[in-house]
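In: 3D model of this:
(one chain, ligands or ions: 1)
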Amino acid sequence: MDEILSKIDDPKILSQIEKIIPFHGYLSTGAFIGIQMLTIAQRLLDIKEDDKVYVTCETFNCLPDPFQILCGCTVGNKGLKILDYGKMAMTINKAAKPGDKMVQGLRIILDPAKTADYPILHAWYMNERKISHEDAISELIKAGDAVYTWEYVDLPVPVKLKKKVAICRKCGESFVIIDDEDFCRTCF
Ligand SMILES: [Zn+2]
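Out: I've put the predicted structure just below:
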């Protein structure tokens with residue numbers, strides 16, 4: 001891993017890696033992809049250090065962790081949503097202006113048509129054979145933005161509904177109701 005770090009001369013990325021290692025447990029390829037995606041998004045959406053951002057990751061694997069530790073996006077504060085699609089893809093947006101119904105976001109993928117130019121990285125991505133994180137990350141450093149594809153997307157701003165709580169008629173526990181249902185989701 002020290003060998004990889006010596007290949008990186010951007011102090012910002014080095015400090016991001018320093019935060020990710022104890023949080024994620026080690027620097028995985030997926031976590032490093034998250035750093036690169038975040039760097040692209042910060043540039044294109046003009047995201048500043050303390051801007052509140054919202055992230056949707058399309059995999060549970062590794063990718064969500066950089067956004068939790070580097071952007072403060074968590075499942076509990078609704079800054080992070082995870083879809084179990086098994087895709088190296090994420091969508092990010094800044095907080096909408098008050099009253100806006102739509103907000104511009106950016107969806108970024110690790111593009112297999114582009115990783116094909118980097119055989120070791122591509123073999124890791126397609127899970128063709130065992131590739132070490134060191135080797136895969138070295139390729140990602142070499143490739144930089146060249147293996148990603150992105151598009152701007154218009155995202156609806158979620159409407160905040162008034163919270164209503166009821167007691168379930170079956171189990172007697174309280175729960176947040178969505179419509180006017182009598183039973184909690186567990187009992188239903
Ligand atoms: Zn119940």
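In: Can you give me the domain boundaries for this structure?
Out: Domain assignment for the chain by automatic domain parsing gives 2-157, 161-188.
In: What are the buried residues along the last one?
Out: When neighbours are counted by 16 or more other CB atoms under 10 Å, the buried residues of domain 161-188 are found to be 168, 175, 177, 184. (C-beta placed from N, C-alpha, C; glycine too.)
In: and the second one, bridged to which residues?
Out: Yep, that's residue 175 we're talking about. Under the criterion DSSP bridges, residue 175 forms beta bridges with residue 166.
In: Report the contact partners of it.
Out: By CB atoms under 8 Å, 6 or more residues apart in numbering, residue 175 lies in contact with 165-166, 168, 184-185.
In: the strands in the chain, which residues?
Out: In the chain, the strands defined using DSSP state E lie at 53-57, 80-82, 89-94, 102-110, 148-156, 164-167, 174-177.
In: Tell me which of these sits nearest to residue 9.
Out: With CB to CB, the closest approach to residue 9 among these belongs to strand 148-156: 20.2 Å.
In: which parts of this protein sit against the ion?
Out: By the rule CB under 5 Å from the ion, the part of the chain lying against the ion is 168, 170-171, 184, 187.
In: Residue 107: which of those is nearest?
Out: residue 184 (34.7 Å).
In: okay, the residue lying closest to residue 82 once chain neighbours are set aside: pLDDT?
Out: Closest residue to residue 82 apart from its sequence neighbours, by CB to CB, 6 or more residues apart in numbering: residue 57 at 5.1 Å. Looking at residue 57, its pLDDT reads 98.
In: same question, residue 88
Out: Confidence score, pLDDT, at residue 88: 98.
In: Show the contacting residues for it.
Out: Taking CB under 8 Å, 6+ apart, one finds 30, 33, 58-59, 63, 109-110, 125 in contact with residue 88.
In: farthest-separated two in these?
Out: Longest span within the contacts of residue 88, CB to CB: 58 and 125, 14.4 Å.
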